[in-house]
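Colleague: Here is my input, please return the structure:
(chains A and B, ligands or ions: 2)
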Amino acid sequence: MSANLANQERLRIFGLLSPAYLWLTVAIFLPLSAMLYFSFLSDVPFGDADWHHTTKNYQAFFQTKTYATLLWKSIRLGLTVTAVAVLVGFPCAYVLAKTIKGRSREALFLLVILPFWSNSLVRIFSWAIVLRGNGVLELGLNAILPFQVDVNLMFSTPAVVIGLVHSYLPYVILTSYLALQAIDDNLIDAARSMGANKLTILWRVILPLSLPGLLAGAVLIFVPVVGSFMEPRILGGRVGTYYGTVIEDQFVAVFNWPLGAALSFILLAVVLLILAIASPVLKRAQT
Amino acid sequence: MAEVSVNNVTKTFGSLKALDDVTMDFPDGGFFALLGPSGSGKTTLLRAIAGFIFADSGTIRIGDQPVENVPVEKRDIGMMFQNYALFPNMTVSDNVGFGLRVRKVGAAEERRRIGEALDLVQLGQHGDRKPHQLSGGQRQRVALARAIVTNPRVLLLDEPLSALDKALRVDMQFELKRIQREIGITTIFVTHDQEEALTLSDKIGILRDGKMIQAGPPRDVYSNPADLFTATFLGEANILDALAGEGADIKIPHGFPTGGTLAVRPENISISQTEPTANGLSKCQAVLERRVFAGAMATCILQSNGNRIKVISRDQDIPSDVAEGDRLWLTWPVEKTLSVPSGRH
Ligand SMILES: Nc1ncnc2c1ncn2[C@@H]1O[C@H](COP(=O)(O)OP(=O)(O)OP(=O)(O)O)[C@@H](O)[C@H]1O
Ligand SMILES: [Mg+2]
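Modeller: Numbering: from 1, shown residues only, chains lettered A, B, ... in the order given. Ligands and ions are numbered 1, 2, ... in the order given. Model (predicted):
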């Protein structure tokens, strides 16, 4: 009887989950396996190209220091962008979740989500207009300040960081907002009644309780930023060569798909490794 | 420990007067209840005393310090919340020790006082647990330990027991009172439950629409309600206004204000089958509509001249052969007649 029920339960769960898994199989697993296969080929297996199985694409990564250097540069970029996004996004989420009530919250939320809805190229080129010499930022600053300044951030690392932070900020705001929203206001009142000041409450109550959301947001940002190529290319110019742009080159410029695929999988492995190493630390931080 | 006094406090939210010229004294070491219907301003008054909200006008003193401009974190109060508000990320000990840590009493002192507080609420063994591993009653005790561990000047409780079931609530009432006596802390609590307010407190304050209708010892308020609202809110009262009729003899107590309303509590009425002859009794006739047996006590609902009268008495005091539809005599001592100044109803 109960075994029968358990079976029915299993069947229901299977029924509910299968569309999602079917989609994941078709949309992610299949292309990804194709790419994994490509990464072990000597050339793209299209047309009359002459190809065979090889591991030289993976060896290439270790033969020159360039790839490793660029990967390290990308990881540093990921850490910087994540840190800036958290520093900017968390206070913003806090104000949205705990200070502002009613309609103005909705309006502000819209502003936060807006980057998600604008085309990424439009977004990046808008920043180019703002950041370049004699651009919006320089003209604006000179209009306010009594002395002349030269601001040309274009084609520099700060420009890349600014562009990426802008693109990915909503992630950290949304995840932190949800976590902060779930914190009972009575907890804050209780802490205050025991004499805690704002800083203590932030440090001992709010931060620990919203950490899962904050970390989820950080991971959501870190991973794509390490592999990003569009912002570095357009806003970084000459200094904008990163691991992601090299991979992109393999696919669109050099047409060396196998190498591009191999570099991508190395990136994936490294990112997973970083998250695996960080996860015990993160877990401990949550409790 | 300190006395609290609230004088002419008014607080408005927009156009709503949540507190309207409220005055009440809470002498040192007493146990006080704030009672009133939903939306009457109980929580607002408690939060004004705590310092979460600031009154628009009036004064609040804790001890001999005026606190109108002192924020909650500087008022040295202990507060217990309806949903306990324990920090879910901390152990029981860390929850209790939070206020001590803030006050930087030092690790050894902190441990000692956490132990003491947990022993006081009989949770000495549970210091390492997380709040979600505790039962509702245990969480309640942790919240109480946390509120008193810093030796605050006053303990404020907003419907502390409302989330518990009846049996546990009675246990906790007893426990709360025991602990309050033991440490002698001035305690102010908000409740919906009249019985709880009457049994626990030295003094109760009845609020309605932001006004303090009456404040005083439970017995006084119960037997001398300031108005009809208080009379009916605090227990039940049969209104005697239209209770004439055949053979009725309703005596008016001495010094009864003209234009007032007479009422009598259900437990003060006795039932008999023959007309009573004793002096000093008010009496009237009524038809028994329903008799509800509830163990030792019985509740009777009667009709007289279109008025509904409720009588509560020991089951054995009601003649056993009365049946529904019988015409009976009701009597009550004159001094048990409530004379309620008619004001707003
Ligand atoms: N922050 C606020 N903003 C606006 N109005 C408020 C606020 N807090 C309370 N009020 C209003 O003030 C009145 C009194 O509220 P209060 O919470 O003190 O009632 P209460 O007696 O505690 O009721 P309950 O028994 O339902 O808890 C209510 O009408 C409420 O809507
Ligand atoms: Mg309330």
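Colleague: so who does the residue nearest to A:Leu180 when sequence neighbours are not counted touch?
Modeller: Closest residue in space to A:Leu180, ignoring its immediate chain neighbours: A:Ala97 at 3.8 Å, by C-beta to C-beta, 6 or more residues apart in numbering or on different chains. No exception for glycine: its C-beta is placed from N, CA and C like everyone else's. Listed by C-beta atoms under 8 Å, 6 or more residues apart in numbering or on different chains, the contact set of A:Ala97 reads A:Ser176, A:Tyr177, A:Leu180, A:Gln181.
Colleague: Spell out which parts of chain B neighbour ligand 1.
Modeller: B:Phe13, B:Leu16, B:Ala18, B:Gly36, B:Ser38, B:Gly39, B:Ser40, B:Gly41, B:Lys42, B:Thr43, B:Thr44, B:His192 (C-beta under 6 Å from any ligand atom).
Colleague: Just the buried residues out of these, in ChimeraX syntax.
Modeller: This is the ChimeraX syntax for the buried subset of the residues of chain B next to ligand 1, where burial follows 16 or more other C-beta atoms under 10 Å in any protein chain shown:
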select /B:18,36,40,41,42,43,44
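Colleague: Let me see the ranges of the strands in the stretch 1-150 of chain B.
Modeller: Assigned by DSSP state E, counting those that start in this stretch, the stretch 1-150 of chain B shows strands spanning B:4-13, B:16-26, B:31-35, B:57-62, B:65-66, B:77-80.
Colleague: ranking the ones you listed by burial, who's on top?
Modeller: Mean neighbours per residue, mean count of other C-beta atoms under 10 Å in any protein chain shown, is largest over these for strand B:77-80, with a mean of 26.
Colleague: Run through the neighbouring helices and strands of that one.
Modeller: helix A:185-193, helix B:42-50, helix B:136-148, strand B:154-158 (3 or more C-beta pairs under 8 Å, 6 or more residues apart in numbering or on different chains; DSSP states H and E).
Colleague: Run through the residues that contact whatever residue of the stretch 101-250 of chain B ends up closest to ligand 1.
Modeller: Using C-beta to the nearest ligand atom, the closest approach of the stretch 101-250 of chain B to ligand 1 is made by B:His192 at 5.8 Å. Contact analysis of B:His192 by C-beta under 8 Å, 6+ apart lists B:Leu35, B:Ser38, B:Glu159, B:Ser162.
Colleague: In terms of pLDDT, where does the last one sit?
Modeller: According to the predicted model, the pLDDT of B:Ser162 comes to 82.
Colleague: B:Lys283 - nearest residue in space that isn't next to it in sequence?
Modeller: Distances taken as C-beta to C-beta, 6+ apart put B:Thr331 closest to B:Lys283, at 4.6 Å, once the chain neighbours are dropped.
Colleague: Out of the contacts of B:His192, the closest to A:Lys101 would be?
Modeller: Checking the contacts of B:His192 against A:Lys101 by C-beta to C-beta gives B:Ser38 as the nearest, at 22.2 Å.
Colleague: any idea how far A:Thr82 is from that closest one?
Modeller: Counting by C-beta to C-beta, to the nearest Å, the gap from B:Ser38 to A:Thr82 is 48 Å.
Colleague: just A:Ser18 next, same as before
Modeller: Noted for A:Ser18: a distance of 35 Å to A:Thr82, by C-beta to C-beta.
Colleague: the more surrounded of these two?
Modeller: A:Thr82 (25 against 10; other C-beta atoms under 10 Å in any protein chain shown).
Colleague: Following the helix or strand where that one lies in sequence, what is the next regular element?
Modeller: Assigned by DSSP states H and E, A:Thr82 belongs to helix A:65-94. With elements assigned by DSSP H and E, the helix or strand that comes after helix A:65-94 is helix A:103-117.
Colleague: Which other helices and strands does that following helix contact?
Modeller: Partner elements for helix A:103-117 (3+ C-beta pairs under 8 Å, 6+ apart): helix A:157-181.
Colleague: Just want the angle from the helix it packs on to helix A:103-117.
Modeller: Compare the direction of helix A:157-181 with that of helix A:103-117 by axes from the mean of the first three to the mean of the last three C-alpha atoms, to 10 degrees and you get 130 degrees.
Colleague: what's in contact with the longest strand along chain B?
Modeller: Longest among the strand segments of chain B by residue count, using DSSP state E, is strand B:281-294. Strand B:281-294 has contacts (C-beta under 8 Å, 6+ apart) with B:243, B:245-251, B:264, B:275-276, B:298-304, B:308-309, B:315, B:318, B:322-334, B:337.
Colleague: and what of stretch A:166-176?
Modeller: A:81, A:85-86, A:88-90, A:92-94, A:96-97, A:112-113, A:115-116, A:120, A:123-124, A:127, A:210, A:213-214, A:216-218, A:220-221, A:224-225, A:231.
Colleague: same question, stretch A:250-260
Modeller: Here stretch A:250-260 has contacts from A:38-44, A:57, A:60, A:247-249, A:263, using C-beta under 8 Å, 6+ apart.
Colleague: residues contacting B:Thr299?
Modeller: The contact partners of B:Thr299, taken as C-beta under 8 Å, 6+ apart, are B:Pro266, B:Arg291, B:Val292, B:Lys310, B:Val311, B:Ile312.
Colleague: Mind putting these into CSV with pLDDT and neighbour count?
Modeller: Formatted as CSV, the contacts of B:Thr299 follow (pLDDT from 0 to 100; neighbours: other C-beta atoms under 10 Å in any protein chain shown):
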residue, pLDDT, neighbour count
B:Pro266, 90, 17
B:Arg291, 87, 18
B:Val292, 87, 10
B:Lys310, 90, 15
B:Val311, 90, 25
B:Ile312, 91, 16
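Colleague: State the pLDDT value of B:Gln273.
Modeller: Per-residue pLDDT puts B:Gln273 at 85.
Colleague: before we move on, back to that, Serialize the strands of the stretch 1-150 of chain B to JSON lines and add fields for mean pLDDT.
Modeller: Converted to JSON lines, the strands of the stretch 1-150 of chain B look like this (pLDDT from 0 to 100):
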{"stretch": "strand B:4-13", "mean pLDDT": "95"}
{"stretch": "strand B:16-26", "mean pLDDT": "95"}
{"stretch": "strand B:31-35", "mean pLDDT": "95"}
{"stretch": "strand B:57-62", "mean pLDDT": "94"}
{"stretch": "strand B:65-66", "mean pLDDT": "92"}
{"stretch": "strand B:77-80", "mean pLDDT": "94"}
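Colleague: Adding distance to B:Arg129, write those strands out as JSON lines.
Modeller: Below are those laid out as JSON lines (distance: least, C-beta to C-beta, whole Å):
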{"stretch": "strand B:4-13", "distance to B:Arg129": "34"}
{"stretch": "strand B:16-26", "distance to B:Arg129": "34"}
{"stretch": "strand B:31-35", "distance to B:Arg129": "30"}
{"stretch": "strand B:57-62", "distance to B:Arg129": "34"}
{"stretch": "strand B:65-66", "distance to B:Arg129": "37"}
{"stretch": "strand B:77-80", "distance to B:Arg129": "19"}
